[in-house]
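Trainee: turn this into a model:
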Amino acid sequence: MESGQYSAMKLRIKYMYENGETSFAELIMDSGSISELLNRAEYVSQIAEYDRKKLHEYGEIKDEVAAKEQALNLEHDSLLALQETTRAKQQSVEQLMSSKQAELKAVQTKIDSAQSELDQYAADIKAQEDQMKRIEAEMKRREEEARKKAQEAGKTYTVSNLGNISFKWPCPSSSRITSNFGDRESPTEGASSNHKGMDIGAATGADIIAAADGQVVISTYSYSAGNYIMIDHGGGVSTVYMHCSQLLVSEGAKVTQGQVIAKVGSTGYSTGSHLHFGIRSGGSYVNPRNYVSP
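Mentor: Residues are numbered from 1 along each chain as shown. Next up, the predicted model:
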């Protein structure tokens, strides 16, 4: 086919596609001669072939576009799902972080509170020990005065000591020792591991008696010992009764051995109902088991 004829066919195709009004039948019927009719028929055949080819290409392109669109939609849905998953994970992590921060804050508060209690406990123990030492110093001073007066009057003054004092078991209702004197595992956090007395387990309200004759020099409450009593037996010897539920004698009172002076309890820094019983001599605690037994 000559180039002019191809150009004409291109123009015809362009015209037909742009206007969409002329049919192939009209194109053939308008032929002026057999020759023109044949030429036009050939053009129609080529145009039809061109259309089929383009339609096939269009179909392939359409299918390809549809496939790509579907793939893009799937990828978009996947990205949205990933975004939601990531957002959910982020929220979960944020919630976990918030929860852990709250836990850490609570633990820190507990630590601070425990440290405050331990500081108060340690300060109270020191204050209690200092008070006992001051009282013992006063006891020693008074006893020395009494000894001098007796000497000036030509009398014999017998100084009490651990060797000549006979102690009575301070808790008649129980002989159960729950913690001995000396090194031990702390029964509660912060409690001393160097136990200064012995613990006697007994029911709340059980009688506590004076282990020997003497004078009450302390009858009060402290953060660590709870309600407690200290009795002076002379010669720098004293006994201590801690964690009482009730105190029945006051400071300055004279007591006799076996007299009920208090009731068993769990006041102060205590893990349960018991009597903490201690013996002091020369300003220090000694092992009560060496001087008294049930």
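
Trainee: mind listing what the residue lying closest to Ser266 once chain neighbours are set aside touches?
Mentor: Excluding the flanking residues, the one nearest Ser266 by C-beta to C-beta, 6 or more residues apart in numbering is Ser273, at 4.7 Å. From N, CA and C alone the C-beta is placed, and that goes for glycine too. Neighbour list for Ser273: 201-204, 245, 264-266 [criterion: C-beta atoms under 8 Å, 6 or more residues apart in numbering].

Trainee: Gln128 too?
Mentor: 222, 224-225.

Trainee: repeat for His276
Mentor: By C-beta under 8 Å, 6+ apart, the residues touching His276 are 197-199, 225, 240-243.

Trainee: got phi/psi on it?
Mentor: phi -90, psi 120 (degrees, to the nearest 10).

Trainee: where does the nearest residue in space to it that is not next to it in sequence land in three-state SS?
Mentor: Once flanking residues are discounted, His276 sits nearest to Met242: 3.9 Å by C-beta to C-beta, 6+ apart. Met242 carries the three-state label strand when classified by DSSP: H, G, I helix; E, B strand; the rest coil.

Trainee: same thing with Lys133?
Mentor: Lys133 is classified as helix under three-state DSSP.

Trainee: ranges for the strands of the chain?
Mentor: Secondary structure of the chain, counting by DSSP state E: strands at 177-179, 182-183, 194-195, 198-201, 207-209, 214-222, 226-234, 237-244, 246-247, 254-255, 260-263, 274-281, 284-286.

Trainee: could you export those as JSON lines, including mean pLDDT and distance to Gln151?
Mentor: Output for those, formatted as JSON lines (pLDDT from 0 to 100; distance: least, C-beta to C-beta, whole Å):
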{"stretch": "strand 177-179", "mean pLDDT": "93", "distance to Gln151": "42"}
{"stretch": "strand 182-183", "mean pLDDT": "75", "distance to Gln151": "39"}
{"stretch": "strand 194-195", "mean pLDDT": "72", "distance to Gln151": "40"}
{"stretch": "strand 198-201", "mean pLDDT": "96", "distance to Gln151": "38"}
{"stretch": "strand 207-209", "mean pLDDT": "98", "distance to Gln151": "34"}
{"stretch": "strand 214-222", "mean pLDDT": "95", "distance to Gln151": "22"}
{"stretch": "strand 226-234", "mean pLDDT": "95", "distance to Gln151": "16"}
{"stretch": "strand 237-244", "mean pLDDT": "96", "distance to Gln151": "21"}
{"stretch": "strand 246-247", "mean pLDDT": "97", "distance to Gln151": "37"}
{"stretch": "strand 254-255", "mean pLDDT": "97", "distance to Gln151": "24"}
{"stretch": "strand 260-263", "mean pLDDT": "98", "distance to Gln151": "33"}
{"stretch": "strand 274-281", "mean pLDDT": "96", "distance to Gln151": "23"}
{"stretch": "strand 284-286", "mean pLDDT": "93", "distance to Gln151": "28"}
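
Trainee: out of the contacts of Ser273, which is nearest to Lys155?
Mentor: Relative to Lys155, the closest of the contacts of Ser273 is Val264; by C-beta to C-beta it sits at 41.0 Å.

Trainee: in contact with the closest one, which residues?
Mentor: 171, 202-208, 243-245, 273-275.

Trainee: what about 7 Å?
Mentor: Val264 is in contact with 171, 202-206, 208, 244-245, 273-275, counting by C-beta atoms under 7 Å, 6 or more residues apart in numbering.

Trainee: of those residues, which is the nearest to Gly258?
Mentor: For these, the nearest to Gly258 is Ile208 (11.1 Å; C-beta to C-beta).

Trainee: count of neighbours near the residue nearest to that closest one when sequence neighbours are not counted?
Mentor: Spatial nearest neighbour of Ile208, chain neighbours left out: Ala262 (4.3 Å); criterion: C-beta to C-beta, 6+ apart. Here the number of neighbours of Ala262 (other C-beta atoms under 10 Å) works out to 25.

Trainee: surely Ala262 meets Ile229?
Mentor: Yes - in this structure, Ala262 is within contact of Ile229 by C-beta atoms under 7 Å, at 5.8 Å.

Trainee: now for those two: what residues contact both?
Mentor: Joint contacts of Ala262 and Ile229 (C-beta under 7 Å, 6+ apart) are 241, 247.
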